[in-house]
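> Sequence and predicted structure below; questions after.
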Amino acid sequence: MTTNTKTTSLRIRRSTVGSVVRYVILTAVGIFLAYPLFWMLGSAFKYNADIFGNINILPPVDRWTFANFPIAWQLSRSNTMLFYYINTLRFLIPSIIFTVISCTITAYAVARFNFPGKKIVFTAIIVTLLMPGIAFTIPIFILFTNLGLVNTFAALYIQDIFAVNSFFIFMVIQFLRTVPRELDEASYIDGCSPLQTLWYILAPVLRPVVITVALLSFIWGMNAFQGPLIFLNTPERRVLAVAMRGLMQDEMAVQFGAVFAAATMALLPTLAIFFGCSKFFVESVASSGAKE
């Protein structure tokens, strides 16, 4: 009896030590990864001389300034940050809608149906997942030039109609593999078509991964710089990421405090949406990694 008690006590002690070590490591990694974000937030309240003079997150007590935010808000001579927010949403909202619909339907077809060349299609999805997006920029630009879509917001979202994001397709496929096929079979017995099965039966189950696709599309769209820079060539159609570059045009007189203030204000909507949907994001990632 004494031996069993000692063994149990030793196991508990080892488990406690292991948990402490694990949480210490996770905390250290979390602080390391979060430090640049907090440094950016603190730098938004600093003068130029204080930003690169030390690595402290907060400025000195007597050196706080809020003057960076009005400068950052007025991104250009004629337009404020709100104007560029709206421009960003003009392509981002259609892009998210088309991406969610097209990638979900494509993943449903690949995951649930057997058809000739299915393995080839899945291989093509994996291969395009590994290819850099820049490889498609030139042919897409030539195509959109011939179609007259350059300098229109449609150039940034029309391709999403055709499920071009293989990462999202793969994510939804992996999630669908965790959903029992009995749900499909029961709906077919009740007379549902494949699209009705997807809409009425599987869509509620797919809500976590669909929200994750929308969330990641929003984050990547807010950060998009190369596409808007290439396809939109007039100041009136600049999006937020491209407009923020204007704060760094004059290399000899860059107000880095204003740059960090603009980055902070641009980041706030993304952070709010991310933390609001983090529950679905974690659930989707966990389920997408499971095997059928």
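Perfect, I can see it now. Numbering: from 1, shown residues only.

> Centroid-nearest residue for this structure?
L216 (2.8 Å; C-alpha atoms, centre = their mean).

> Once you drop chain neighbours, what's closest to that residue?
The shortest distance from L216 to any non-neighbouring residue, by C-beta to C-beta, 6 or more residues apart in numbering, is to F168 (7.4 Å). Glycine gets a C-beta too; all of them are placed from N, C-alpha and C.

> measure that neighbour to V127 for me?
Note on F168: its distance to V127, by C-beta to C-beta, to the nearest Å, is 16 Å.

> for stretch 108-119, which positions count as buried?
108-112 (16 or more other C-beta atoms under 10 Å).

> I should have written stretch 175-184 there, sorry.
Of the residues in stretch 175-184, 175-176, 179, 184 count as buried by neighbour count, 16+ other C-beta under 10 Å.

> Straight-line length of it, end to end?
One end of stretch 175-184 to the other measures 15 Å (C-alpha to C-alpha, to the nearest Å).

> Let me see the mean pLDDT of that stretch.
What stretch 175-184 shows for mean pLDDT is 90.

> do the same with stretch 280-292
On average, stretch 280-292 scores 57.

> F168 and V127: which has the busier surroundings?
Between F168 and V127, counting by other C-beta atoms under 10 Å, F168 is the more crowded of the two (26 against 10).

> who touches the more buried one in this structure?
The contact partners of F168, taken as C-beta atoms under 8 Å, 6 or more residues apart in numbering, are 99, 103, 107, 213, 216-217.

> Between those, which sits nearest Q159?
Closest approach to Q159 among the contacts of F168 (C-beta to C-beta): T99, at 9.8 Å.

> Tell me if I'm right that the closest one and V213 touch.
Yes: the pair T99 / V213 is scored as a contact, 6.5 Å apart, by C-beta atoms under 8 Å.

> Could you list the domains of the protein?
2-67, 71-288 (automatic domain parsing).

> in the stretch 1-150 of the chain, which spans are helices?
Using DSSP state H, counting those that start in this stretch, the helices of the stretch 1-150 of the chain run over 2-43, 48-51, 68-73, 81-112, 118-130, 137-147.

> Mean pLDDT lowest where, among the ones you listed?
helix 2-43 (a mean of 82).

> Centre of the chain to it, how far?
How far helix 2-43 lies from its chain's middle: 28 Å, per C-alpha atoms, centre = their mean, to the nearest Å.

> Helix, strand or coil: sort out the residue nearest to the centre of the chain for me.
helix (DSSP: H, G, I helix; E, B strand; the rest coil).

> what about it, distance to N165?
9 Å.

> contacting residues for E185?
By C-beta under 8 Å, 6+ apart, no residues touch E185.

> For it, give its distance to I25.
As judged by C-beta to C-beta, E185 and I25 stand 46 Å apart.

> Same check on I189?
51 Å.
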